[in-house]
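[1] Provide a 3D model corresponding to the input given below.
(one chain, ligands or ions: 1)
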Amino acid sequence: MKFFVDTAEVSEIRSLAEAGLVDGVTTNPSLIAKSGRRMAEVIEEICAITPGPVSAEVTATEFEDMLAEGRHLRAIASNVAVKVPLTEAGLRACRVLSGEGTLVNVTLCFTPAQALLAAKAGAAFVSPFVGRLDDIATDGMRLIADVVAIFRNYPQLKTEVLVASIRHPIHLVEAAKLGAGVATLPPAVIRQLLKHPLTDRGLEAFLADWRKTGQSIL
Ligand code: E4P
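    Below you'll find the predicted structure:
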């Protein structure tokens with residue numbers, strides 16, 4: 001399973017990349033706003049850190065404007081994946097941009113039918129949102145199970161399922177069990193994945209015993 005990082009904070013991405021945990025990055029207009037920086041500058045910096053796809057989202061809502069924004073974003077770096085919303089204009093833009101060889105991530109997917117449409121439009125990625133469905137008392141992981149099952153029935157569809165709106169480690173583990181190809185994770189969730197109290201306690205005990213030996217490895 002590929003791990004994308006869901007943030008526009010360059011320092012976070014850099015330190016996670018150094019640990020080998022970054023196969024790509026996703027951003028959205030809210031994350032760019034939170035960074036307080038110019039979008040083009042942030043995307044360019046992120047693209048230089050990771051060779052993997054870096055999603056940069058259009059903010060236009062009309063087809064022609066989306067296309068222009070998508071081409072502009074794609075020109076920032078060769079690993080930019082243009083993110084478009086799951087609207088009719090978004091799917092049209094997806095089809096054209098994908099035809100030009102640009103990776104497109106169709107975002108804000110909340111039903112299996114929407115995911116199928118994104119795949120038919122040639123998306124490289126479709127982003128079903130788990131946490132936001134859970135927020136409205138709808139089983140977000142059911143959506144992932146359905147999309148993965150549908151795509152498995154049609155191997156000619158090359159779209160990868162990019163599990164988005166992940167809020168905690170259980171979302172990630174369940175998505176991995178279902179066989180989703182990619183998960184995008186906020187940095188805080190990636191750090192939660194590696195924490196376990198028995199790891200901390202075990203390490204403390206090993207180091208205490210080691211100190212008693214008076215030895216040093218170097
Ligand atoms: C995906 O690409 C989105 O940026 C993100 O996962 C949305 O997550 P949220 O629902 O926690 O905002």
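
[2] Ignoring the adjacent residues along the chain, who's closest to residue 168?
    residue 189 (6.3 Å; Cβ to Cβ, 6 or more residues apart in numbering). C-beta: built from backbone N, CA, C; applies to glycine.

[3] How about residue 1?
    Leaving out its chain neighbours, the residue that sits closest to residue 1 by Cβ to Cβ, 6+ apart is residue 176, at 5.0 Å.

[4] helices or strands next to the strand or helix carrying that neighbour in the packing?
    Per DSSP states H and E, residue 176 falls inside helix 169-178. On a contact count with 3 or more Cβ pairs under 8 Å, 6 or more residues apart in numbering; DSSP states H and E, helix 169-178 meets helix 130-135, helix 140-153, strand 160-163, strand 182-185, helix 187-194.

[5] Enumerate the residues of the chain near the ligand.
    Counting by Cβ under 6 Å from any ligand atom, the residues of the chain close to the ligand are 6, 26, 28, 107, 127, 129, 131, 132, 164, 165, 184.

[6] Output these as a markdown table; include the columns neighbour count.
    Listed next are those as a markdown table, based on neighbours: other Cβ atoms under 10 Å:
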| residue | neighbour count |
| --- | --- |
| 6 | 21 |
| 26 | 27 |
| 28 | 20 |
| 107 | 25 |
| 127 | 29 |
| 129 | 19 |
| 131 | 15 |
| 132 | 15 |
| 164 | 29 |
| 165 | 21 |
| 184 | 25 |
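
[7] Tell me the one among those residues nearest to residue 216.
    residue 6 (41.2 Å; Cβ to Cβ).

[8] Now that closest one, what are its backbone angles?
    With angles defined as degrees, to the nearest 10, residue 6 sits at phi -100, psi 80.

[9] Equivalent analysis for residue 212, please.
    Dihedral angles (degrees, to the nearest 10) for residue 212: phi -60, psi -30.

[10] coming back round to it: surely the residue nearest to residue 1 touches residue 185?
    No: Residue 176 lies out of contact with residue 185 (Cβ atoms under 8 Å); the separation is 11.4 Å.

[11] The two - which one has more neighbours?
    More crowded of residue 176 and residue 185, by other Cβ atoms under 10 Å: residue 185, with 27 against 13.

[12] what's the neighbour count on residue 63?
    17.

[13] which residues sit in contact with it?
    89, 92, 93 (Cβ atoms under 8 Å, 6 or more residues apart in numbering).

[14] Tell me which residue lies nearest the centroid of this structure.
    Ranked by distance to the mean C-alpha position of the chain (Cα atoms, centre = their mean), the top residue is residue 184 at 2.8 Å.

[15] Excluding sequence neighbours, find me the nearest residue to residue 104.
    residue 94 (4.5 Å).

[16] neighbours around that neighbour, how many?
    Residue 94 has 30 nearby residues by other Cβ under 10 Å.

[17] Can you name the secondary structure element that comes next after the helix or strand in which it is found?
    Per DSSP H and E: residue 94 is located in helix 88-99. Using DSSP H and E, the helix or strand that follows helix 88-99 in sequence is strand 103-109.

[18] rewinding a little: I'd like the mean pLDDT over the helix holding residue 94, please.
    In this model, helix 88-99 has an average pLDDT of 98.

[19] Kindly report the same for stretch 114-125.
    Stretch 114-125 comes out at a mean pLDDT of 98.
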